[in-house]
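S.K.: what would the 3D arrangement of this be:
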Amino acid sequence: MRSSFFGNLDQDRLPDHFALQNAKMLRVRLGGEVLARQGAMVAFQGQMDFDYEGAGSVGRFLKKMVSGEGAPLMRVRGQGVIFFADNATDVHLFYLENEALTVNGTNLLAFDPQLTWDIQRVQGAGVAAGGLFNTTLKGTGWVAVTAHGAPVLLDASQAPTFADGQSAVCWSAGLHVGVNRTMKAGALIGRGSGEALQLAFQGEGFVLVQASEGPIVPQSGG
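M.R.: Numbers count the residues shown, from 1 in each chain. Reported below is the predicted structural model:
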């Protein structure tokens, strides 16, 4: 798996239809199809058709309804160049080579249509972490994700790795995921909920962690 985070994507050897126009905008050269988050298109040149992308199967539809997970997707077909962004969040690219990536649905921006996707419970997180569900993508192709603020990419093979459940953007699907319980239950150590729980990662792979727990919901005036 290669990532734009470290700038180590070999563009001479990889298909170049996905690229960063800048830190906050994805450019896709389209000569077929791409799946993207609904509403993420900011501009395009050429001829494009946009269609709602459903769950695709009864099982996936039910999991989406029960979990609330999964980005609302659209399928774009056409010829030309299209640009995607999401509220000026940072965009990062991953190229999967017969691999799998687990992504928080709110951070999923776009991906190649040949990748298969499903909504899965994060094994090991269980009820203690809120019954966490994420979107898992498998196969060979591009995935673009967004992050609030400049994120950090952590190599879980180097040391025990922990992240707030709302700050973890995506991670290698082969990692073992569990829950870490802080000894002092009253410690407000997490950015997300203040609970004394974090996701714990072990194995060969990485975790991408954003600089916040997500967009701030404005409070209504008194």
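
S.K.: partner residues bridging residue 73?
M.R.: In this entry, residue 73 is beta-bridged to residue 37, residue 53, by DSSP bridges.

S.K.: that one: what's it in contact with?
M.R.: When the contact criterion is C-beta atoms under 8 Å, 6 or more residues apart in numbering, the partners of residue 73 are 35-38, 52-53. Backbone N, C-alpha and C define where each C-beta goes, glycine included.

S.K.: could you turn the buried ones of those into a PyMOL selection?
M.R.: Selecting only the buried entries of the contacts of residue 73 in PyMOL, with 16 or more other C-beta atoms under 10 Å as the criterion:
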select buried, resi 35+36+37+53
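
S.K.: where is pLDDT lowest across the contacts of residue 73?
M.R.: Least confident entry in the contacts of residue 73, by pLDDT: residue 53, with 84.

S.K.: so that residue touches residue 76, yeah?
M.R.: No - the pair residue 53 / residue 76 is not scored as a contact, 9.5 Å apart, by C-beta atoms under 8 Å.

S.K.: which residues do those two both contact?
M.R.: Shared contacts of residue 53 and residue 76 (C-beta under 8 Å, 6+ apart): residue 35.

S.K.: so which of the contacts of residue 73 comes closest to residue 27?
M.R.: Nearest to residue 27 among these, counting by C-beta to C-beta, is residue 36 at 12.2 Å.

S.K.: who is the closest residue to the closest one other than its chain neighbours paired with across the strands?
M.R.: Leaving aside its sequence neighbours, residue 36 sits nearest to residue 110 (C-beta to C-beta, 6 or more residues apart in numbering; 3.9 Å). Beta-bridge partners recorded for residue 110 (DSSP bridges): residue 36, residue 144.

S.K.: gap between residue 110 and residue 175?
M.R.: Remark: distance between residue 110 and residue 175 (C-beta to C-beta, to the nearest Å) = 23 Å.

S.K.: what does residue 21 give?
M.R.: Per C-beta to C-beta, residue 21 is found 31 Å from residue 175.
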